[in-house]
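Asks: The following block contains a protein sequence and its predicted model.
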Amino acid sequence: MAILGIGLFSLHSAARAESSADVAKSDPRPAITQRAPKEPGYSVIAGLDGEIYPVFANYASLKSADQRKWGTVAVTVNNPTTEVLRARIAVTIQGWSDEEIQLAQLQPGASRTYIFAPTFLPRFYSNHEIAAATTMVSVNDLAGRSLYLQTVPVKIRSAEDMYWGSKFQYAPFIASWITPHDERVEEILRQAKEFMPGRRLPGYEPEKSVDGQEQMTYTEARAIYKALQEAGVSYVKSSMTLGDHQDSSERVRMPEVSLRDASANCIDGVVIYASLFENLGMEPVVVLVPGHAYVGVRMSPRSSKYLYIETAITGRASFEESIASAGRGVTSYKAADTLRVAVSEARSLGIFPMPAPVESARPDTREMKAALQLGIAKSRP
């Protein structure tokens, strides 16, 4: 009925204009055409080029809606009508997330984009392969009447997929893989203290002089290196991932996975060591150079010196060789080709560890090896 009334109003106005054609011809002002107000319009953008990266989804979901600069789903609402638009917008990634609801209020002629970052279910962070999903967006008025309903196909990226972006603009998000409180990280520290004088692994000690703390940091780093060697950690590349942005994304294993499988490439090793140092209250830094990565740790809170470690050779070289290799590597690149991510700074930006994956029961690598050896022994005549 409202549409009919608007139509009649427009028709009446046009007829009246025609009846005063002579006046209109002599009037220099342009004729005004009465038009019916349009219906509100909606548009939806989901993910990064249609792909949802868990690392970004987790970051956005930890912020309130009014703090977000971007999120998982963006819903743009246009209100070309003459009435204030009040509506309830609901977004969910079906089977993968909870539903997030925001209330919209737009003045006539206004347009606004609402950013959604629903909380994802545990399976989201346990997914290790690209998967198809559907984003559901519904808009109702405050009386519950449907104004808009749309589904948008998306791809769920593996929880291990890191998107570095153009010129590594998203490099600080590598801190999401640094998990200082993971059980396997704690276990490595328990082993590392056995290689320390007095069986102590204290991190920084405020009462120590700068020189004394630098010496202690070196000793602690060596103990951690030895503990990782004892755990059998060695190099396996395994950085390939599926989906778009092949030139700017790669697989990065969580420390729990690398320690469980005793396998780590350079960046995997970096996040393991950084997790261990952060657990001790120390200040790790991730150093990215073309095609490679190193980990560093500030040698003393009152020092500008860092101790750098070449993590990729943990399984086959001494601690001293690793330190020497990293020192040469870090200093061989120009400052313009080196990117440093201080973990403490990433934390201050709200970049926290991703939720631990909920893995199905899977035996430890060492248990598998022992079972295999036992099977071989039993099969011998």
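Replies: That came in fine, so what should we check first? Numbers count the residues shown, from 1 in each chain.
Asks: next SSE after the helix or strand encompassing residue 226?
Replies: Here residue 226 sits within helix 210-230, counting by DSSP states H and E. Next in sequence after helix 210-230, counting helices and strands by DSSP H and E, comes strand 249-251.
Asks: just how off-centre is that next one within its chain?
Replies: Distance, stretch centre to chain centre, for strand 249-251: 12 Å (C-alpha atoms, centre = their mean, to the nearest Å).
Asks: And it, what does it pack against?
Replies: With contacts taken as 3 or more C-beta pairs under 8 Å, 6 or more residues apart in numbering; DSSP states H and E, strand 249-251 sits against strand 161-163. The way it works is simple: take the backbone N, C-alpha and C, and place the C-beta from them, glycine included.
Asks: In terms of secondary structure, what does the strand it packs on contact?
Replies: By 3+ C-beta pairs under 8 Å, 6+ apart, strand 161-163 packs against helix 54-61, strand 249-251.
Asks: So what touches the shortest one?
Replies: By that I understand strand 249-251. With contacts defined as C-beta atoms under 8 Å, 6 or more residues apart in numbering, strand 249-251 is touched by 158, 160, 161, 162, 163, 164, 238, 239, 240, 241, 243, 267.
Asks: 7 Å - rerun?
Replies: Strand 249-251 is touched from outside by 158, 160, 161, 162, 163, 164, 238, 239, 240, 241, with contacts defined as C-beta atoms under 7 Å, 6 or more residues apart in numbering.
Asks: For the chain, just list every one of the strands.
Replies: 41-46, 51-52, 73-78, 85-93, 100-106, 111-116, 131-141, 146-156, 161-163, 249-251, 284-289, 292-298, 306-309, 339-342 (DSSP state E).
Asks: Now mean pLDDT too, for those strands, in JSON lines please.
Replies: As requested, the strands of the chain are exported to JSON lines (pLDDT from 0 to 100):
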{"stretch": "strand 41-46", "mean pLDDT": "96"}
{"stretch": "strand 51-52", "mean pLDDT": "96"}
{"stretch": "strand 73-78", "mean pLDDT": "97"}
{"stretch": "strand 85-93", "mean pLDDT": "98"}
{"stretch": "strand 100-106", "mean pLDDT": "97"}
{"stretch": "strand 111-116", "mean pLDDT": "97"}
{"stretch": "strand 131-141", "mean pLDDT": "97"}
{"stretch": "strand 146-156", "mean pLDDT": "97"}
{"stretch": "strand 161-163", "mean pLDDT": "96"}
{"stretch": "strand 249-251", "mean pLDDT": "94"}
{"stretch": "strand 284-289", "mean pLDDT": "97"}
{"stretch": "strand 292-298", "mean pLDDT": "98"}
{"stretch": "strand 306-309", "mean pLDDT": "98"}
{"stretch": "strand 339-342", "mean pLDDT": "97"}
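Asks: and of these, who's closest to residue 205?
Replies: strand 292-298 (13.8 Å; C-beta to C-beta).
Asks: Mind exporting the C-alpha coordinates of stretch 342-360 to PDB?
Replies: Provided in PDB are the C-alpha atoms of stretch 342-360 (Å, rounded to 0.1, in the frame of the first residue of the first chain):
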ATOM      1  CA  ALA A 342      59.700  -8.000  18.400                       C
ATOM      2  CA  VAL A 343      57.200 -10.300  20.000                       C
ATOM      3  CA  SER A 344      56.500  -7.900  22.900                       C
ATOM      4  CA  GLU A 345      55.500  -5.200  20.400                       C
ATOM      5  CA  ALA A 346      53.200  -7.700  18.500                       C
ATOM      6  CA  ARG A 347      51.500  -8.500  21.900                       C
ATOM      7  CA  SER A 348      51.000  -4.800  22.500                       C
ATOM      8  CA  LEU A 349      49.100  -4.700  19.200                       C
ATOM      9  CA  GLY A 350      46.700  -7.400  20.400                       C
ATOM     10  CA  ILE A 351      48.300 -10.300  18.400                       C
ATOM     11  CA  PHE A 352      48.100 -13.200  20.800                       C
ATOM     12  CA  PRO A 353      48.600 -17.000  20.300                       C
ATOM     13  CA  MET A 354      46.000 -18.800  18.300                       C
ATOM     14  CA  PRO A 355      43.800 -21.300  20.200                       C
ATOM     15  CA  ALA A 356      45.500 -24.800  20.500                       C
ATOM     16  CA  PRO A 357      44.100 -27.200  18.000                       C
ATOM     17  CA  VAL A 358      41.900 -30.100  19.200                       C
ATOM     18  CA  GLU A 359      43.700 -33.000  17.800                       C
ATOM     19  CA  SER A 360      42.400 -36.500  17.500                       C
END
